[in-house]
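Participant: I would like the atomic coordinates for the input below:
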Amino acid sequence: MNEAETLVFCANQSHALAIRDAINQIKSSKDPGYCQRVTADDGVLGEQHLRDFQDNEKSIPTILTTSQKLSTGVDARNIRNIVLMRPINSMIEFKQIIGRGTRLFDGKNYFTIYDFVKAYKHFSDPAWDGEQLDPEPCPKCGKMECSCVPEPRPPCGICGKRPCECPKEPCSKCGKLECICEKRVRAKVKLADGKERMIQHMTATTYWHPDGTPMSAQQFLETLFGKIPEFFESEEELRTLWSAPDTRSRLLLGLSEHGFGLDQLAEIQRIIEAEKSDLFDVLAYVAYAVAPLTREVRAANAKVYINSQFTTKQGAFLDFVLSHYVEVGVEELDQEKLSPLLRLKYGDSLSDAIADLGDPEEIGQTFAGFQKYLYESAISA
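Facilitator: Modelled structure (predicted):
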């Protein structure tokens, strides 16, 4: 396998860890970050590895191993290899995974799929793949399956090297060598309520309907807009549901069951350019054309309420929680994240946490109760 940006899809998180270690043991690179794992268990560190991987000006990490987390929503244009090492049981998931390699990039006109589980045999789809072509023999040896080494690209006519090492001119707008200025074109989408939403106009990106058919970004947005009335009927109802971990979890589960899980919402978050906002803002924007706020702004406004409603020690812990919320997203506010956050804040000493914050029931009420201040209507106004 050529040494280029690569996603490896493994059977589970433990498998992803084992594959990461195996790759790092045989790698030719001396950089310890050459291959990293990005799964749900990797938390903030995994998100940082993913951001570094997505940055086309960085070459480390070169390979990411994962299980489920990266099948959708990964906007890394220079992915050259997709490696399948786990069974795939859904046409939608198969297409979403393969779609990670279809992003266009300067000098990238193909990508390679390494299918160790023969997933392609289960998902023949002429409407998506086109008509199957008869194999052609190798032009050099005449065999159908040959081991001829492909001829290398000719050296550059200017610098004489392969690959070319001629200096590149940075973009006059953004100053970067790999400019994206011309690719961030915005388009208006008018939904059934008559209001317009702005999205990135990305002709090279394909989205998938829950039934497995391809969609444009506009159709993707329209489909979510049509589903929303099944879950909430007003902006205020959305705000109420989103303000508590239990009702927010049920809402997200319902959306997921209708084809809009966290990965799909992340895709929408990306096309409306709201990556630094809350998923609440994504739903409010699609449903009611409410302008998104960044998580940083929501956290800053919530601190005004926190300072007046909670003790100094409770406020310090909630400030710690908010820093994770700003960095990672609303998933840091899930009820199951409370214990890991307490251990992280108090160095694994839950007794110290109880001494500062009260008994476990009180801590749970504090953690769940403060969240409504992030979504107060006055903040969104």
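
Participant: mind checking how far residue 342 is from residue 320?
Facilitator: Remark: distance between residue 342 and residue 320 (Cβ to Cβ, to the nearest Å) = 10 Å. Placement of C-beta: from N, CA and C, glycine included.

Participant: which one of those two has more residues nearby?
Facilitator: Each of residue 342 and residue 320 has its neighbours counted (other Cβ atoms under 10 Å); residue 342 has more, 23 against 15.

Participant: neighbours around the nearest residue to the more buried one once chain neighbours are set aside, how many?
Facilitator: Excluding the flanking residues, the one nearest residue 342 by Cβ to Cβ, 6 or more residues apart in numbering is residue 353, at 4.7 Å. The tally of other residues near residue 353 (other Cβ under 10 Å) stands at 22.

Participant: what of residue 260?
Facilitator: 22.

Participant: right, and it touches residue 224 too?
Facilitator: Yes: look at residue 260 against residue 224 with Cβ atoms under 8 Å: they come within range, at 5.8 Å.

Participant: how is this structure carved up into domains?
Facilitator: 6-124, 181-288, 295-380 (automatic domain parsing).

Participant: can you put the ones you listed in JSON lines and add mean pLDDT and distance to residue 141?
Facilitator: JSON lines is the format used below for the domains of the chain (pLDDT from 0 to 100; distance: least, Cβ to Cβ, whole Å):
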{"stretch": "domain 6-124", "mean pLDDT": "78", "distance to residue 141": "22"}
{"stretch": "domain 181-288", "mean pLDDT": "77", "distance to residue 141": "36"}
{"stretch": "domain 295-380", "mean pLDDT": "89", "distance to residue 141": "53"}
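
Participant: can you list those domains in CSV and add distance to residue 136?
Facilitator: Conversion of these to CSV gives the following (distance: least, Cβ to Cβ, whole Å):
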stretch, distance to residue 136
domain 6-124, 17
domain 181-288, 27
domain 295-380, 48
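
Participant: between these, which one is closest to residue 143.
Facilitator: Among the domains of the chain, the nearest to residue 143 by Cβ to Cβ is domain 6-124 (20.9 Å).

Participant: what are the boundaries of the strands in the chain?
Facilitator: Under the criterion DSSP state E, the chain carries strands at the ranges 6-9, 35-37, 63-66, 81-84, 112-115, 186-190, 196-200, 207-208, 214-215.

Participant: the third one pairs with which strands, and in what direction?
Facilitator: Applying DSSP bridges to the sheet, strand 63-66 is found paired with strand 6-9 (parallel), strand 35-37 (parallel).

Participant: may I see the buried residues of stretch 345-363?
Facilitator: Neighbour-count burial for stretch 345-363, counted by 16 or more other Cβ atoms under 10 Å, picks out 345, 346, 353, 356, 357, 358, 363.

Participant: cool, and stretch 44-55?
Facilitator: In stretch 44-55, counting by 16+ other Cβ under 10 Å, buried: 46, 49, 50, 52, 53, 54.

Participant: of those residues, closest to residue 368?
Facilitator: residue 46 (25.4 Å).
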